[in-house]
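Enquirer: no sequence for this one, just the structure:
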Ligand code: ATP
Ligand code: MG
C-alpha cells in the first residue's frame, strides 16, 4: 500500500497553552530536519492539533522515512495514513473497506473504529461515522468482529477537508522536541555510559555540545574516531553536535608527576570538568552532562562525585546516577551506540589509573593536593584550551 501522509502523534501532557506552540513549532522544525536526508519530497503541516506530513513526490523511501521519524524526540507515534477526498459518506466507507483489505491480509481480528470529526460541517458526528463505518466493514469482511473494550486492531477515520484513514501506530521515541529546553555540554568518552546520558538529556528537548579528552600518543587516533562515531550516532537524535577534542596529555602527565597516584583519577576528573565548563560557557550551555552512576567505579562514589562536583559552577546533569549497568546497556543497544562503545580502544582515564584509587576522597585533601600543581597547571589548561580542535558532527 502507498501512504500519502503520516499523521504524527505526540504526548500533549505539559504542552498546553502558549507552550503548545513552542512545542509544535520545534517539532515541525525537527521533523523537517530529519526528512531532509530522506529520498522524497515532504510537506509538514500543523492542522487542528495534529501534525501531518504529506508526501509531495511521486515516490519516496518509506523505510527511510519511518527510520528518520523514529529519531525525532517529541514523536510518540507515526501513523502511515491514506488520504481520500471528501465525496460523501458512501465513498468514505468504500475507501475504509479498501484500506482494510490492503492493510491486513488476515482479517481474523477484533476491531473498533475511531471516528474523529475535525470538520464540524460534516453531516455526521464522530460517533455516527465510527458506528456506520464499523457496520460497513462487518458487511464487507464477516470474519472481523467488533470489540469496543479490548480491540486487537483500531481503525482511525478522521474527517477534515480530506478523509484520513490509518490503523498502524509505529512507536516514536517520545520526549520533547530538541530546541525546547536550552543547551548543555556532554562530557563524551568512548564508553557505554556517556552517549546514553547525552541521548537521555537531549530527549528532554536539550541541544547538545560535547567535549572529549584524549591523550595522544597514549590514546590512539582510532579511540578518537570512536568518540566521533558515537557523537554521530547520538546526533541522529539530538541534531548536530559541536564536539571539542581536548589534548589532555600534558595535564595528565603533570598530575601524574605531582600528585599521589590514588588521587590521580579524581584530580584529573576535576580538570576535565573545569575545561568542559569553559567550552560550555563559550557555547552558551547552561548545564553539564556526564554518564556517572553512583558506585560504578571508584571515581563515582558519592565522595568522589562530591569532589568532582565542587569545581563546577553550572549544574551537572547525571541522568544515569541511579541506573544499574544492565539498564544502561539496554538503552545503548536500543539507540545503537553499544556496538561502537565496546570497541576495545584505550580511554585516556585508563592509562594512568592507579592500582588502588581513593574511593572516599575528602574535598579538603584533594584541594590541598592540587596546590602541588600551582606552578604550571594554569598554563597547561590554557594551552589545552587553545589547542582544542572543534568539529561539528552530524548524522
Ligand atoms: P563512560 O562509559 O561514559 O566512559 P565510565 O563508566 O567509563 O563512563 P568514568 O571513566 O568514570 O566512567 O567517566 C565518568 C564520566 O566522565 C563519563 O560518563 C563521561 O561523562 C566523563 N568522561 C570520562 N572520561 C572522559 C573523556 N575521556 N572525555 C570526556 N568525558 C569523559
Ligand atoms: Mg570511561
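Expert: Yes, it's here. Because the structure is predicted, anything quoted here is derived from the model rather than measured. Ligands and ions are numbered 1, 2, ... in the order given.

Enquirer: Shouldn't residue 333 be within a helix?
Expert: Yes - assessed with DSSP: H, G, I helix; E, B strand; the rest coil, residue 333 lies in a helix.

Enquirer: i'd like the first residue to be 42 from this point on
Expert: Yep, numbering from 42; the last one is residue 374 now.

Enquirer: Strands of the stretch 192-341 of the chain, start to end?
Expert: With DSSP state E, counting those that start in this stretch as the criterion, the stretch 192-341 of the chain has strands at 194-200, 203-207, 211-212, 224-228, 248-255, 282-288, 329-330.

Enquirer: In TSV: those strands, plus mean pLDDT, distance to ligand 2 and mean neighbour count.
Expert: Every C-beta, even on glycine, is put in place using the N, C-alpha and C of the backbone. Shown next, in TSV, are the strands of the stretch 192-341 of the chain (pLDDT from 0 to 100; distance: least, Cβ to the ion, whole Å; neighbours: other Cβ atoms under 10 Å):
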stretch	mean pLDDT	distance to ligand 2	mean neighbour count
strand 194-200	96	45	20
strand 203-207	95	44	22
strand 211-212	97	31	12
strand 224-228	98	10	26
strand 248-255	98	10	26
strand 282-288	98	15	22
strand 329-330	98	14	26
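
Enquirer: so can I have JSON lines of those strands showing distance to ligand 1?
Expert: Below are those laid out as JSON lines (distance: least, Cβ to the nearest ligand atom, whole Å):
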{"stretch": "strand 194-200", "distance to ligand 1": "41"}
{"stretch": "strand 203-207", "distance to ligand 1": "40"}
{"stretch": "strand 211-212", "distance to ligand 1": "27"}
{"stretch": "strand 224-228", "distance to ligand 1": "3"}
{"stretch": "strand 248-255", "distance to ligand 1": "4"}
{"stretch": "strand 282-288", "distance to ligand 1": "8"}
{"stretch": "strand 329-330", "distance to ligand 1": "7"}
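
Enquirer: Turn these into a markdown table, columns for distance to residue 65.
Expert: As requested, the strands of the stretch 192-341 of the chain are exported to a markdown table (distance: least, Cβ to Cβ, whole Å):
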| stretch | distance to residue 65 |
| --- | --- |
| strand 194-200 | 18 |
| strand 203-207 | 18 |
| strand 211-212 | 20 |
| strand 224-228 | 21 |
| strand 248-255 | 18 |
| strand 282-288 | 24 |
| strand 329-330 | 26 |
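
Enquirer: of those strands, which approaches residue 52 most closely?
Expert: strand 211-212 (12.0 Å; Cβ to Cβ).
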